[in-house]
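A.B. asks: mind folding the following:
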Amino acid sequence: MKREGSPFQGVMTVALKEAADHMTSARMHVIMLLVLLTAVGAVYGAIDRIRETTAEDPFLFLKLFTVAREPVPSFASFLGFLLPLVAIALGFDSVNGEYGRRTMSRLLAQPIYRDALLFGKFVGGLLVIAIALLVMWLLMLGMGILRLGLPPSMPELVRSVVYLAATLFYAGVWLALAMAFSTFVRSTATSALVALAIWLILSLFWGMLSPLLAGVLSPVDPYNPVSLLANFETQQAFSRLSPQTLYGEISAMLLDPAARSVGPLFLDQLQGAVIGAPLPTIDSLLIIWPQISGLVAAMLVLFAIAYVLFQRQEVRA
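C.D. replies: Numbering: from 1, shown residues only. You can find the predicted model right below:
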């Protein structure tokens with residue numbers, strides 16, 4: 001039978017209801033408070049470090065993201081490590097939680113398709129993360145202006161906004177992963193544990209496994225310098241299977257205007273270049289465009305898996 005109306009009718013209704021539920025839940029209050037306090041501590045320590053060590057710098061505002069004061073990590077490192085936890089907390093029970101509460105049949109009894117339900121839940125989770133990132137960015141901007149006494153320049157604003165967009169895509173990958181397991185696994189506890197296990201593997205242990213895999217596929221010959229480069233490129237290819245690696249390369253290029261490559265840099269690539277001179281923003285974007293595309297592609301593929309699994313499930317009253 002041909003469906004009547006748009007399959008995405010009601011997406012925003014579901015998204016706004018999902019976002020409201022997240023924002024009013026005690027679980028998200030605790031998580032967001034922890035994230036906000038840690039972010040404020042990271043920025044405050046960075047400001048004090050910048051005031052102590054940095055003289056005149058045309059990109060002073062961007063250093064708020066990368067400068068760290070022990071024992072607190074930098075703001076960018078903090079987001080790369082903890083933001084997946086927020087995304088997993090938003091998505092691990094998005095589908096199987098409805099089955100557990102026996103509300104899925106009631107939802108689908110309304111004039112709404114499964115497409116709109118799943119897509120609305122995904123958009124609602126991204127909306128909550130986007131609001132949290134915007135609040136932290138504005139808080140960082142205000143603290144930087146008050147404590148440093150200098151407003152950010154236009155290139156800094158552009159780079160920081162693109163960085164926030166890439167951060168949202170990065171969070172979207174983990175949100176889609178959590179929703180995929182929420183669709184496949186009926187137990188909310190099991191889906192949360194599996195998503196956290198994959199996060200631990202890709203974030204903490206993948207950096208150790210990549211050199212081992214590269215050594216098997218591209219062994220290093222001490223008498224052949226080319227094999228060393230082949231081993232490094234293979235290791236880099238394996239490491240880029242982790243979203244955290246892609247996000248780290250994006251952060252390094254956007255937040256450090258003097259960076260010129262995310263891989264090995266040869267002498268012939270530096271001909272005519274002024275060492276330490278900042279790259280134009282558009283050039284930095286061109287370098288990391290494959291990484292941004294990789295994050296978006298991973299997010300879409302994982303959401304497509306969740307979509308196919310959800311469409312094939314039987315819903316009973």
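
A.B. asks: now do the SS call for the nearest residue to Val185 once chain neighbours are set aside.
C.D. replies: Setting aside the residues directly before and after it, Val185 is nearest to Ser191 in space (C-beta to C-beta, 6 or more residues apart in numbering), at 4.2 Å. (C-beta placed from N, C-alpha, C; glycine too.) Three-state call for Ser191 (DSSP: H, G, I helix; E, B strand; the rest coil): helix.

A.B. asks: Ser191: neighbour count?
C.D. replies: Neighbour count of Ser191, defined by other C-beta atoms under 10 Å: 26.

A.B. asks: also the one 3 residues further on?
C.D. replies: As a burial measure, the neighbour count of Val194 was computed by other C-beta under 10 Å and equals 20.

A.B. asks: just Ala259 next, same as before
C.D. replies: Applying the criterion other C-beta under 10 Å, we find 17 residues in the vicinity of Ala259.

A.B. asks: give me phi/psi at it?
C.D. replies: Dihedral pair for Ala259: phi -70, psi 140, per degrees, to the nearest 10.

A.B. asks: so it touches Ala252, yeah?
C.D. replies: Yes. If you go by C-beta atoms under 8 Å, Ala259 and Ala252 touch, sitting 5.6 Å apart.

A.B. asks: just the helices in the stretch 1-150 of the chain please.
C.D. replies: Along the stretch 1-150 of the chain, counting by DSSP state H, counting those that start in this stretch, helices occupy 11-24, 26-53, 63-66, 75-91, 96-100, 104-108, 114-148.

A.B. asks: which pLDDT does the model give Leu265?
C.D. replies: For Leu265, the pLDDT comes out at 56.

A.B. asks: now do the one 4 residues further on
C.D. replies: Reading off the per-residue confidence, Gln269 sits at a pLDDT of 49.

A.B. asks: out of the helices of the stretch 1-150 of the chain, which comes closest to Leu212?
C.D. replies: Leu212 sits nearest to helix 75-91 of all the helices of the stretch 1-150 of the chain, at 22.8 Å, using C-beta to C-beta.

A.B. asks: next, the angle from the closest one to helix 11-24.
C.D. replies: With axes from the mean of the first three to the mean of the last three C-alpha atoms, to 10 degrees applied, the angle from helix 75-91 to helix 11-24 works out at 110 degrees.

A.B. asks: just how off-centre is helix 75-91 within its chain?
C.D. replies: Distance of helix 75-91 from the chain centroid (C-alpha atoms, centre = their mean, to the nearest Å) equals 7 Å.

A.B. asks: which residues touch the residue nearest to Val185?
C.D. replies: Listed by C-beta atoms under 8 Å, 6 or more residues apart in numbering, the contact set of Ser191 reads Phe92, Asp93, Asn96, Ala178, Phe181, Ser182, Phe184, Val185.

A.B. asks: out of those residues, who's nearest Leu209?
C.D. replies: Once C-beta to C-beta is applied, the member of these that ends up nearest Leu209 is Phe181, at 21.4 Å.

A.B. asks: neighbours around the closest one, how many?
C.D. replies: A count of neighbours around Phe181, defined by other C-beta under 10 Å, yields 25.

A.B. asks: quick one: contacts of stretch 235-242?
C.D. replies: For stretch 235-242, contacts defined as C-beta under 8 Å, 6+ apart pick out 202-203, 206-207, 209-211, 213-214, 218, 245-246, 249, 263, 291, 294.

A.B. asks: 6 Å instead, please
C.D. replies: Residues from elsewhere that reach stretch 235-242, judged by C-beta atoms under 6 Å, 6 or more residues apart in numbering: Leu202, Trp206, Ser210, Pro211, Leu213, Ala214, Thr245, Leu246.

A.B. asks: any idea which of those has the most stuff around it?
C.D. replies: The most neighbours of any of the contacts of stretch 235-242, using other C-beta under 10 Å, belong to Leu246, which has 25 neighbours.
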